[in-house]
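K.L.:
can you look at this prediction? I've put the sequence above it.
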Amino acid sequence: MIDIFFVAFAILSIVGAMTMITVKEPMYATLGLLISILSIGGLFALLSASFLFMVQIIVYAGAVLTLFLFLLMFLNIKKEDLPDEPKKYLLITLGAAFMIPINLLIFKALSDLPNIQMTLVESDFGTIKALGMQLYTEWLLPFELISILLLVALIGVIVLVKQKSKKEIKR
């Protein structure tokens, strides 16, 4: 039964990601992102990672996507504002074809690993304590770099919105 849920969540996450890449309307792309985020939350639930599941649903699906939707509504993007992408599907196909050898290399490396019997679900797997210990000991530098990257992205959005509002005022 769990295998059926795993396959369903995996297919939904891939379909959501493909929707996000292929559609032209930003609102539909955001809804594709929502489908991917919710299905990945379902995969966390299957792993018994309750904290990661709740963060995925509350923070990403709730807060971040709400922010995306409000931003899209605030910017009021029209069809004529979107760039023309005549080779979009060709580039997506080339990108997928480029990723196939890389994925085969990763699968080959994983299959060459020694077969070690481990339990996937440890006693503290997916808990806040285990995640916090990993995040603030071994992953502190990447965590801080990602927070700086998000801050820079937020500043960039503010600058773009201010430039667009200045152009509208001049008209």
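P.N.:
Arrived safely, thanks for sending. Computed from a predicted structure; not experimentally measured.
K.L.:
quick one: low-confidence ranges for this protein?
P.N.:
By pLDDT under 70, the low-scoring segments of the chain are 116-123, 125-126, 165, 167-171.
K.L.:
helices along that one, start to end?
P.N.:
Taking DSSP state H to define them, one finds helices in the chain at 2-22, 26-46, 50-55, 65-75, 88-111, 128-137, 140-170.
K.L.:
right, and the ones you listed - which one's nearest L82?
P.N.:
Of all the helices of the chain, helix 26-46 sits nearest to L82, with 8.0 Å by CB to CB. Glycine gets a C-beta too; all of them are placed from N, C-alpha and C.
K.L.:
and the contacts of stretch 66-74?
P.N.:
26-27, 30, 33, 157, 161 (CB atoms under 8 Å, 6 or more residues apart in numbering).
K.L.:
ok so, going back, right, so of the helices of the chain, which gets closest to D81?
P.N.:
Among the helices of the chain, if distance is taken as CB to CB, the winner is helix 65-75, at 8.5 Å.
K.L.:
one step back: nearest to I92 among the contacts of stretch 66-74?
P.N.:
Distances from I92 to the contacts of stretch 66-74, taken by CB to CB, are shortest for L33, at 16.3 Å.
K.L.:
find the nearest non-adjacent residue to that closest one, please.
P.N.:
Nearest residue to L33, sequence neighbours excluded (CB to CB, 6 or more residues apart in numbering): M20, at 5.1 Å.
K.L.:
enumerate every residue touching that neighbour.
P.N.:
Shown in contact with M20 (CB under 8 Å, 6+ apart): 29-30, 32-33, 36.
K.L.:
check T22 too.
P.N.:
T22 is in contact with 88-89, 92, counting by CB under 8 Å, 6+ apart.
K.L.:
Q56 reaches S36, doesn't it?
P.N.:
No. The criterion here is CB atoms under 8 Å, and Q56 misses it with S36 at 10.5 Å.
K.L.:
most surrounded residue in the contacts of stretch 66-74?
P.N.:
In terms of neighbour count, L33 stands highest of these at 19 neighbours, by other CB atoms under 10 Å.
K.L.:
distance of it from L149?
P.N.:
According to CB to CB, to the nearest Å, L33 stands 18 Å off from L149.
K.L.:
and F9, by the same measure?
P.N.:
28 Å.
K.L.:
the two - which one has more neighbours?
P.N.:
A direct count of neighbours by other CB under 10 Å for F9 and L149 places F9 higher, at 19 against 10.
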